[in-house]
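1. Dropping a prediction and its sequence here:
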Amino acid sequence: MSLSVPSKVIEMVKSGERISSPVFIKLVQASLPAFNVVCSFLAAQLTESNPRASQSMTGVLGEHYGQVLRGMASTAIRREMQKHFGCTFYMKAERTLSAVLPEHEPEEMDDVDPEHLKEDLAQGYSTLQVIHRRVSDGSDFAVFAPKTMSDKRRLELLTLMAVEPYKRSLEKAMNMEFAFQNCHKSSGKGKGTSPQAFDDFCTIEAQLLNQSADMTDC
């Protein structure tokens, strides 16, 4: 699942209350403990003389790696975790999570041929294509929200949204900017546009409202 959200918090959001970042972070830490552990480990290694750190997750249990993918794919979760730990997290490749202090640049990452992603991660690619097609047809903002998703499609979508060179390469190729809540809700807008709906999609409150009981298998 992504986040386990108490019904009281959901009711607060529905009533129009804003949820603070510290409250949100506690929900993330409780729901994605493996993601929190690796973020904490990387952040603790960062110093002015050592502004970058990486952790290989080769051999990490599937569920634990899945938590990392879900945390890194989600626009709101990644953003708030970066604020909490005071650094930028990124995945330069599959099964490698890295961190860098904000006054330093991440290490250079080469773009990936979108055709390779289309071939290797076809089901995840097709999901983002749906969003791209809707924006190309005239919408300034589009959401793709399937009720169900196969395990393979889910893993591929998470990978495309979490791994920085993959997401960046697809956004360049499609002239898009994508955002992600969980596997039941992804969105996109044309690059250079500023629809309010896209900003709203990326809020803490929107992330929490998308965590209903029947949408926690991502």
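-> Cool, the structure landed. Numbering: from 1, shown residues only.

2. show me where pLDDT drops low in this protein?
-> Along the chain, the parts satisfying pLDDT under 70 run over 1-2, 212-218.

3. which residue lies farthest from the center of it?
-> Most distant residue from the mean C-alpha position of the chain: Ser49, 28.9 Å away (C-alpha atoms, centre = their mean).

4. tell me, what residue is most central in the protein?
-> Closest-to-mean residue, the chain, C-alpha atoms, centre = their mean: Ala73 / 1.9 Å.

5. same for the lengthiest helix in the chain, what does it pack against?
-> Longest helix in the chain, counting residues (DSSP state H): helix 122-136. Judged by 3 or more C-beta pairs under 8 Å, 6 or more residues apart in numbering; DSSP states H and E, helix 122-136 is in contact with strand 141-144, helix 151-162, helix 164-174, strand 176-182, strand 185-190. C-beta coordinates here come from the backbone N, C-alpha and C atoms, glycine included.

6. Same list (these) but as TSV, adding distance to Ala53.
-> Formatted as TSV, the helices and strands packed on helix 122-136 follow (distance: least, C-beta to C-beta, whole Å):
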stretch	distance to Ala53
strand 141-144	34
helix 151-162	18
helix 164-174	16
strand 176-182	24
strand 185-190	29
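
7. Next one: Val60 from Thr127, what distance?
-> According to C-beta to C-beta, to the nearest Å, Val60 stands 25 Å off from Thr127.

8. more neighbours, these two?
-> For Val60 versus Thr127, the count of surrounding residues by other C-beta atoms under 10 Å is larger for Thr127: 23 against 16.

9. which non-adjacent residue is nearest the more buried one?
-> Excluding the flanking residues, the one nearest Thr127 by C-beta to C-beta, 6 or more residues apart in numbering is Leu157, at 5.2 Å.

10. Dig out what Phe180 forms beta bridges with.
-> According to DSSP bridges, the residues that bridge with Phe180 are Ser186.

11. what do you get for Met176?
-> Beta-bridge pairing for Met176 (DSSP bridges): Gly190.

12. Next up, the contacts around it.
-> 128, 131-132, 135, 170, 188-191 (C-beta atoms under 8 Å, 6 or more residues apart in numbering).

13. rewinding a little: alpha carbons of the longest helix of the chain, as CSV, please.
-> Extracted C-alpha coordinates of helix 122-136, given in CSV (Å, rounded to 0.1, in the frame of the first residue of the first chain):
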residue,chain,number,x,y,z
ALA,A,122,5.7,-1.1,-22.2
GLN,A,123,2.8,-1.2,-19.8
GLY,A,124,4.0,1.6,-17.6
TYR,A,125,4.8,3.6,-20.8
SER,A,126,1.3,3.1,-22.2
THR,A,127,-0.1,4.6,-19.0
LEU,A,128,1.8,7.8,-19.4
GLN,A,129,0.9,7.8,-23.1
VAL,A,130,-2.8,8.0,-22.1
ILE,A,131,-2.1,11.2,-20.2
HIS,A,132,0.0,12.6,-23.0
ARG,A,133,-2.7,11.9,-25.5
ARG,A,134,-5.4,13.6,-23.5
VAL,A,135,-3.2,16.7,-23.1
SER,A,136,-2.3,16.7,-26.8
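
14. could you give the angle of that helix to helix 164-174?
-> Between the axes of helix 122-136 and helix 164-174, defined by axes from the mean of the first three to the mean of the last three C-alpha atoms, to 10 degrees, the angle is 40 degrees.
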